[in-house]
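Novice: Sequence first, then the predicted structure:
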Amino acid sequence: MPRTSYAIAIGSNRRGRHGSPAREVGAAIAALGGVIAVSPILHTPPLGPSKRRFANAVALIESDEAPPVLLRRLKSIERAFGRRRGQNWAARVIDLDIVLWSGGSWSDSMLTVPHRLFRTRDFVLAPLVQVAPGWRDPVSGLSIRQLRSRLTRRMPASRGRAGVGP
């Protein structure tokens, strides 16, 4: 497969062997390989029942892997960091999601790219706009900057906006 680019969303809200959630995010970025750009780490409130704040970032990587092959590698990194599958919305030491692929769209039984919820999640769009504001969503045709602008116009100031933190 020819070399393509991916946007990978990275999140943590639990200490792991690397330390704080922000350190877990940094270690995951180092484990990715092929990194060409990294957003600042943002600290955001949790979705769902978790009480712990998240450290979130986006990394742009180049790879010659097809989306399913990259997904298997990301899941292997998650397991190496101590991530256990099971309960949705639970605290996690690391979460790695393929958000976008320069090849456009991909869908099979295990993976859908672009990520089906990324357009509604400021904790993904806020860091993504830092590293790829002009990347176009292959489904809507809108740029990341436009998607974030639309989302934040609809959001109450006190809910869901990403904040840069320590």
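Specialist: That came through fine. Numbering: from 1, shown residues only.
Novice: CA only for contacts and neighbour counts going forward, please
Specialist: Will do.
Novice: His18: neighbour count?
Specialist: His18 has 15 neighbouring residues, counting by other Cα atoms under 10 Å.
Novice: measure it to Val38 for me?
Specialist: 19 Å (Cα to Cα, to the nearest Å).
Novice: same check, this time on Val139
Specialist: 24 Å.
Novice: Now the longest helix along the chain - C-alpha only, PDB.
Specialist: Across the chain, the longest stretch assigned as helix under DSSP state H is helix 67-80. Taking Å, rounded to 0.1, in the frame of the first residue of the first chain, the C-alpha atoms of helix 67-80 are listed here in PDB:
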ATOM      1  CA  PRO A  67      -6.600   1.000   7.900                       C
ATOM      2  CA  PRO A  68      -7.300  -2.500   9.400                       C
ATOM      3  CA  VAL A  69      -3.600  -3.200   9.800                       C
ATOM      4  CA  LEU A  70      -3.000   0.100  11.500                       C
ATOM      5  CA  LEU A  71      -6.100  -0.600  13.800                       C
ATOM      6  CA  ARG A  72      -4.500  -3.900  14.900                       C
ATOM      7  CA  ARG A  73      -1.300  -2.100  15.700                       C
ATOM      8  CA  LEU A  74      -3.100   0.600  17.700                       C
ATOM      9  CA  LYS A  75      -5.000  -2.100  19.700                       C
ATOM     10  CA  SER A  76      -1.600  -3.800  20.400                       C
ATOM     11  CA  ILE A  77      -0.200  -0.500  21.700                       C
ATOM     12  CA  GLU A  78      -3.300  -0.100  23.900                       C
ATOM     13  CA  ARG A  79      -2.800  -3.600  25.300                       C
ATOM     14  CA  ALA A  80       0.900  -2.900  26.000                       C
END
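Novice: buried sites along that helix?
Specialist: 67-68, 70-71, 74-75, 77-78 (16 or more other Cα atoms under 10 Å).
Novice: Next: stretch 132-141.
Specialist: 132-133, 135-138.
Novice: how about the helices of this structure, start to end?
Specialist: 21-32, 67-80, 122-131, 144-154.
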